[in-house]
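Engineer: any chance you could fold what I've pasted below:
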Amino acid sequence: MAASEGNLGIDPAEGASTPRILRLDPSWQQACLALDQRALNGLWTAEQWHRELDDPRRLCMGLVHPNTTLLAVACGWMVADELHITAVAVDPDRRRCGHGGLLLQALLQRARQQGAVHATLEVASDNVAALALYARTGFRTAGTRPGYYSDGRDAFIQWCRIPSPPSSTSVG
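Structural biologist: The predicted model follows:
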């Protein structure tokens with residue numbers, strides 16, 4: 001499988017068997033669809049994944065094991081100076097290892113490089129694990145969308161300011 005070359009410099013650790021964070025392209029569609037089935041119960045169709053991976057205004061980052069296994073994915077759309085996060089998914093067998101937080105940080109970093117100053121998302125009001133992940137990343141609830149999901153669950157609207165990269169100035 002092909003992916004945009006280059007690592008964002010935020011590998012979980014160094015070494016040949018270390019997962020890498022890559023910007024995903026349409027060649028990852030089947031892997032994204034399979035992960036979506038396992039982690040999100042089939043949130044998106046193959047066509048929706050293709051659009052997500054093919055549109056240059058959309059960012060789709062993946063945590064990929066060296067054997068080309070997609071462990072996690074985080075996607076978002078750039079709208080002016082805002083990143084709208086559309087999906088964050090971690091393979092259920094790989095949860096609670098920091099993959100979601102690492103990938104979310106990579107997505108925010110890439111969006112900041114493209115001019116985003118804040119980010120937003122919707123999350124199911126009963127998704128305790130996701131709410132904790134987003135809170136650790138700096139997201140706060142700004143409102144509720146009643147009955148947002150097809151099963152009638154409410155969604156919390158979450159926002160965060162994307163911090164500027166650390167300054168490299170030195171005092172001398």
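
Engineer: what residues are bridge-paired with the residue most central in space within the chain?
Structural biologist: A centroid search over the chain (C-alpha atoms, centre = their mean) returns residue 74, at 1.9 Å, as the residue closest to the centre. In this structure, residue 74 bridges to residue 61, residue 88 when assessed by DSSP bridges.

Engineer: pretty sure it contacts residue 87?
Structural biologist: Yes - under the criterion of C-beta atoms under 8 Å, residue 74 is in contact with residue 87, at a separation of 7.0 Å. Just so you know, the C-beta spots here come from the backbone N, C-alpha and C atoms, and that holds for glycine as well.

Engineer: so which residues of the protein form strands?
Structural biologist: Shown for the chain, the strands assigned by DSSP state E span residues 20-23, 58-64, 70-79, 82-90, 118-124, 140-145, 155-161.

Engineer: the residue nearest to the centre of the chain and residue 142, how far apart?
Structural biologist: 20 Å (C-beta to C-beta, to the nearest Å).

Engineer: contacts for the biggest helix by length in the chain, please.
Structural biologist: Ranked by residue count under DSSP state H, the longest helix found in the chain is helix 99-113. By C-beta atoms under 8 Å, 6 or more residues apart in numbering, the residues outside helix 99-113 that reach it are 8, 10, 12, 19, 21, 23, 59, 61-63, 71-76, 78, 83, 85, 88, 90, 116, 119, 133-134, 136-137, 160, 162-165.

Engineer: buried sites along that helix?
Structural biologist: Along helix 99-113, the positions that meet the burial threshold by neighbour count (16 or more other C-beta atoms under 10 Å) are 99-112.

Engineer: circling back: the residue nearest to the centre of the chain and residue 152: what is the separation?
Structural biologist: For residue 74, the distance to residue 152 equals 26 Å [C-beta to C-beta].

Engineer: how about the CA coordinates for stretch 41-53, as PDB?
Structural biologist: Included here for stretch 41-53 are C-alpha records, laid out as PDB according to Å, rounded to 0.1, in the frame of the first residue of the first chain:
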ATOM      1  CA  ASN A  41     -19.400  -0.400  13.300                       C
ATOM      2  CA  GLY A  42     -19.400   0.700   9.600                       C
ATOM      3  CA  LEU A  43     -19.800   4.400  10.000                       C
ATOM      4  CA  TRP A  44     -18.800   5.200   6.400                       C
ATOM      5  CA  THR A  45     -19.300   3.500   3.000                       C
ATOM      6  CA  ALA A  46     -16.500   2.700   0.600                       C
ATOM      7  CA  GLU A  47     -17.500   5.700  -1.500                       C
ATOM      8  CA  GLN A  48     -17.300   8.000   1.600                       C
ATOM      9  CA  TRP A  49     -13.800   6.600   2.500                       C
ATOM     10  CA  HIS A  50     -12.700   7.200  -1.100                       C
ATOM     11  CA  ARG A  51     -13.800  10.900  -0.900                       C
ATOM     12  CA  GLU A  52     -12.200  11.300   2.500                       C
ATOM     13  CA  LEU A  53      -8.800   9.900   1.200                       C
END
